[in-house]
Every structure is written in C-alpha cells, then in structure tokens.
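>>> no sequence on this one, just coordinates:
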C-alpha cells in the first residue's frame with residue numbers, strides 16, 4: 001500500500017511537487033541501508049522530472065495517516081511537521097519539530113483516507129492560503145535548499161556518508177527525490193491537471209486531484 005499527502009485550501013489551491021532527475025541520497029528502508037551516491041547520483045526511475053505528491057510505502061502495521069505524514073517528513077524535510085492535524089478546517093501552521101498525532105481526530109482523518117484506488121491512499125489536510133504559501137516557502141528556502149547543498153557536497157566528496165548530511169544540514173529531507181514545489185489552483189491549472197491524467201506515470205496523482213476538486217471541495221469540475 002502506498003500513502004500520499006495533499007495540502008490544500010478551501011479556495012482550491014494545493015501544493016504539488018516535482019521529482020528530480022537523479023538522487024544523491026536515500027535513507028534505508030525494507031532492509032536496505034541508507035546510502036549516498038557520489039559523484040553524480042543515481043537515476044530516479046519512477047517519473048523523473050515529473051509532478052508528484054509526497055508519498056511512498058506504508059509500513060507493515062503502520063496506521064495509514066501516520067504513514068502519510070511520515071512520508072511527507074522524509075521527502076520534504078524536518079523543518080515542517082504537524083502537531084495538530086486540521087480536520088478539514090483552515091488552521092495556522094504550528095512550528096513544531098515532532099510528529100504528534102491527535103488521536104481524537106483519527107476518525108475524521110481516516111474518512112479522508114478513503115479516496116480512490118485500492119493500491120494507495122491519500123491524506124488531505126486543509127490549510128489557509130497564507131499557510132500554504134508559508135509551507136511552500138519553508139520547503140523551498142530551507143529544506144530543499146539544504147538538500148541542494150548536500151548534493152553539491154556529495155558530488156565534491158565533501159560528505160562521505162549518509163549520516164554526515166544531517167550534521168551539516170539538519171533540515172534536509174531524508175530522501176533526495178523531490179526538488180521543487182509549486183502552488184496550483186484546481187481551476188487555473190486545469191490544463192496541467194489534465195496532462196497528468198494522460199501520463200501513466202502521473203495518472204494516479206490526477207485521480208487524487210479530481211477527488212479533491214469534486215468530492216472534498218464539491219467544485220464539479222469536468223477535467
């Protein structure tokens with residue numbers, strides 16, 4: 001099972017990310033060790049250079065919404081995490097560094113996970129437009145910027161092992177997969193959204209967006 005996360009606003013804005021062409025580091029999972037890949041990284045094979053949402057495999061026995069939040073942190077960096085989970089209401093971003101789950105909201109969050117497809121699930125979290133811009137700014141100027149510096153240091157052999165990355169760059173994402181983040185609107189970017197649906201490497205992201213537009217926000221957009 002794959003889990004993804006979409007941060008959106010009531011006005012139909014949402015954050016969408018772009019994958020890198022190559023990765024210089026990945027943290028360990030499924031028995032594989034954490035590693036760096038000097039001098040030029042390794043190719044990303046699943047949708048390189050294409051738009052995506054943060055996500056990945058839900059661990060065995062892991063609650064789905066916890067897995068979605070964990071994947072967000074792994075791919076977007078430690079400067080952002082959620083101590084309070086907004087339950088479909090605009091909520092100011094809390095500046096916390098630990099994932100603390102508000103279990104009293106689990107039922108509401110679980111309902112939001114029942115989206116489309118049987119092989120993946122999506123957690124939708126609603127923020128104000130200002131919060132979305134703040135999150136975007138933190139990811140771009142802090143988290144992804146530290147990842148860019150780590151990539152440079154790995155290329156020049158100044159970082160020689162995975163753990164050293166976070167001694168120098170504590171807000172760097174654990175995985176070097178996402179490199180850009182954009183703020184899209186469900187109506188304004190209608191052509192870009194349609195293009196996702198025509199590509200087999202991005203069509204499940206298209207399905208997630210359509211669910212957001214027409215099920216959660218009830219916009220009845222014909223993509």
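Perfect, I can see it now. Note that the coordinates shown come from a computational prediction; the quantities given were computed from them, not determined experimentally.
>>> only C-alpha atoms for contact and neighbour calcs from this point on.
OK.
>>> how about residue 2, what does it touch?
Contact analysis of residue 2 by C-alpha atoms under 8 Å, 6 or more residues apart in numbering lists 55, 56, 57, 58, 119, 120, 121.
>>> Of those, which is the most crowded?
residue 55 (25 neighbours; other C-alpha atoms under 10 Å).
>>> where does the residue nearest to that one when sequence neighbours are not counted land in three-state SS?
Leaving out its chain neighbours, the residue that sits closest to residue 55 by C-alpha to C-alpha, 6 or more residues apart in numbering is residue 4, at 4.1 Å. Under the three-state scheme (DSSP: H, G, I helix; E, B strand; the rest coil), residue 4 adopts strand.
>>> Give the full set of residues in contact with the residue sitting nearest the centre point of the chain.
Central residue of the chain (C-alpha atoms, centre = their mean): residue 54, 2.2 Å from the mean position. Listed by C-alpha under 8 Å, 6+ apart, the contact set of residue 54 reads 4, 5, 6, 17, 71, 72, 75, 76, 178.
>>> Can you list the buried residues in stretch 127-143?
Neighbour counts using 16 or more other C-alpha atoms under 10 Å place 127-129, 131-133, 135-136, 138-140, 142-143 of stretch 127-143 among the buried residues.
>>> mind putting the residues you listed in a markdown table, secondary structure included?
Listed next are those as a markdown table, based on three-state DSSP:
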| residue | secondary structure |
| --- | --- |
| 127 | coil |
| 128 | coil |
| 129 | helix |
| 131 | helix |
| 132 | helix |
| 133 | helix |
| 135 | helix |
| 136 | helix |
| 138 | helix |
| 139 | helix |
| 140 | helix |
| 142 | helix |
| 143 | helix |
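>>> and residue 212, how many residues sit next to it?
Neighbour tally, residue 212, other C-alpha under 10 Å: 20.
>>> and residue 180, helix, strand or coil?
Classified using three-state DSSP, residue 180 is strand.
>>> does the residue nearest to residue 181 when sequence neighbours are not counted have beta-bridge partners, and which?
Counting by C-alpha to C-alpha, 6+ apart, residue 17 is the residue found nearest to residue 181 once chain neighbours are left out, at 4.2 Å. Note on residue 17: beta-bridge partners by DSSP bridges are residue 52, residue 181.
>>> So residue 17 is in contact with residue 53, correct?
Yes. Look at residue 17 against residue 53 with C-alpha atoms under 8 Å: they come within range, at 5.7 Å.
>>> List the residues that contact the residue nearest to residue 55.
53, 54, 55, 56, 68, 71, 72, 120, 121, 122, 123.
>>> Recalculate using a threshold of 6 Å.
Listed by C-alpha atoms under 6 Å, 6 or more residues apart in numbering, the contact partners of residue 4 are 54, 55, 68, 122.
>>> hmm, back to that, just the buried residues of stretch 127-143 now: which is nearest residue 43?
Distances from residue 43 to those, taken as C-alpha to C-alpha, are shortest for residue 143 (21.1 Å).
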